[in-house]
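**Student:** build me a structure from this.
(chains A and B)
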Amino acid sequence: MRRSRIYSTVGLVWLVLTLAAIAHGTRLALVVAPTEATMGNVQRIFYYHVPTSMLSLLFPYVNFVASAFYLGCRRRDPMRALTADAVAIAAAEVTVVYSSISLLTGMLWGRAAWGIWWTWDARLTSMLLLWLLYVSYLMLRKLSATGQTQTLAAVLSVFAAIDVPIVFMSIRWWRTQHPAPVFFGGPDTGIDPSMMPAFVWNIVGWAMWGVFLLVFRYALERRRQEREQEAALKSIEGTLEIAQ
Amino acid sequence: MRLGWIFGSSMEAHHLLAAYVAVWLIQGGYAGWIAWQWARAGKNL
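**Tutor:** Numbers count the residues shown, from 1 in each chain, chains lettered A, B, ... in the order given. Got it, this is the predicted structure:
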């Protein structure tokens, strides 16, 4: 059995399991979980908002580690560095997708719960900054014409990663309009046990989906890199033939 | 609990429906874009 066929089969099984987990989590969130006493049904946005927000703080670290690896070995081992670069761009795009969803679902919840779409509090502002940093990273990669684009992007990603712990700690360090931490926030935090299955299934489902996107996007980037290398090789061969 | 209320006319129903649909559209759109690029890159093999 060819290796590519094994990858395709594993990917397909993973995708089916992922969609099943998301479907189950969505059903639990919308149908099974009890209605929250003070906020009502709009609190159900929480089951999508919190898992995607948590994941949007994990994928930047994949980007950071891959970028640091790229910077460390780009001269010593260029082929491995290219692999790391493909991981970095995949993680940056997935970060933008998840942080966009976090901001959007947060605004939809805020308008219904607070009466406003946006406020410049520490959590919302630091999250917007995170989104802007990774959008800048992708724009740099897309628009830069220098031969150092990958290196510049890797340096930017190291600085962007600094914002991640600030986003996480913002609701612990400062008094914000954003709700206090639901998890890891002290002895009086947490959710009702009857809400837990919906939350856990959505965390599992969206984490599996994120991994699927990351691997799929990485494979695409590797395919593009191979095409570029083949084109460069053909160009060199053409030049040598003309010279002869 | 029945799900019919989600299509109601209240702001909370609108926003909840919008949030869930937006998530599926963004995630599905991005996955679709990767699949399209994958197919395009494959044609040049």
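**Student:** list the contacts for whichever residue of chain A sits closest to chain B?
**Tutor:** As assessed by Cβ to the nearest Cβ, chain B sits closest to A:Val42 within chain A, at 3.9 Å. Any C-beta I mention is one placed from the backbone N, CA and C, and that applies to glycine too. Taking Cβ atoms under 8 Å, 6 or more residues apart in numbering or on different chains, we find A:Val42 in contact with A:109, A:112-113, B:11-12, B:15-16.
**Student:** again, only using 6 Å
**Tutor:** The contact partners of A:Val42, by Cβ atoms under 6 Å, 6 or more residues apart in numbering or on different chains, come to A:112, B:12, B:15-16.
**Student:** which one (most neighbours) among these?
**Tutor:** B:Leu16 (27 neighbours; other Cβ atoms under 10 Å in any protein chain shown).
**Student:** quick one: mean pLDDT over the host helix or strand of it.
**Tutor:** Per DSSP states H and E: B:Leu16 is located in helix B:11-43. For helix B:11-43, mean pLDDT rounds to 92.
**Student:** who are the packing partners of it?
**Tutor:** helix A:78-113, helix A:196-243 (3 or more Cβ pairs under 6 Å, 6 or more residues apart in numbering or on different chains; DSSP states H and E).
**Student:** circling back to that earlier point, phi, psi of the residue of chain A closest to chain B?
**Tutor:** For A:Val42, the backbone dihedrals are phi -60, psi -20 (criterion: degrees, to the nearest 10).
**Student:** flag every residue of chain A that's near chain B.
**Tutor:** Residues of chain A lying close to chain B by Cβ under 6 Å from any Cβ of the partner chain are A:31, A:40-42, A:44-45, A:48, A:97, A:101, A:104-105, A:108, A:112, A:216-217, A:220, A:223-224, A:227.
**Student:** residues contacting A:Ile203?
**Tutor:** So A:Ile203 contacts A:Pro51 (Cβ under 6 Å, 6+ apart).
**Student:** A:Met39 - how many residues pack around it?
**Tutor:** 15.
**Student:** gap between the closest residue to it other than its chain neighbours and A:Val155?
**Tutor:** The shortest distance from A:Met39 to any non-neighbouring residue, by Cβ to Cβ, 6 or more residues apart in numbering or on different chains, is to A:Ala113 (5.8 Å). Per Cβ to Cβ, to the nearest Å, A:Ala113 is found 39 Å from A:Val155.
**Student:** and A:Ser194, what does it touch?
**Tutor:** A:Pro34.
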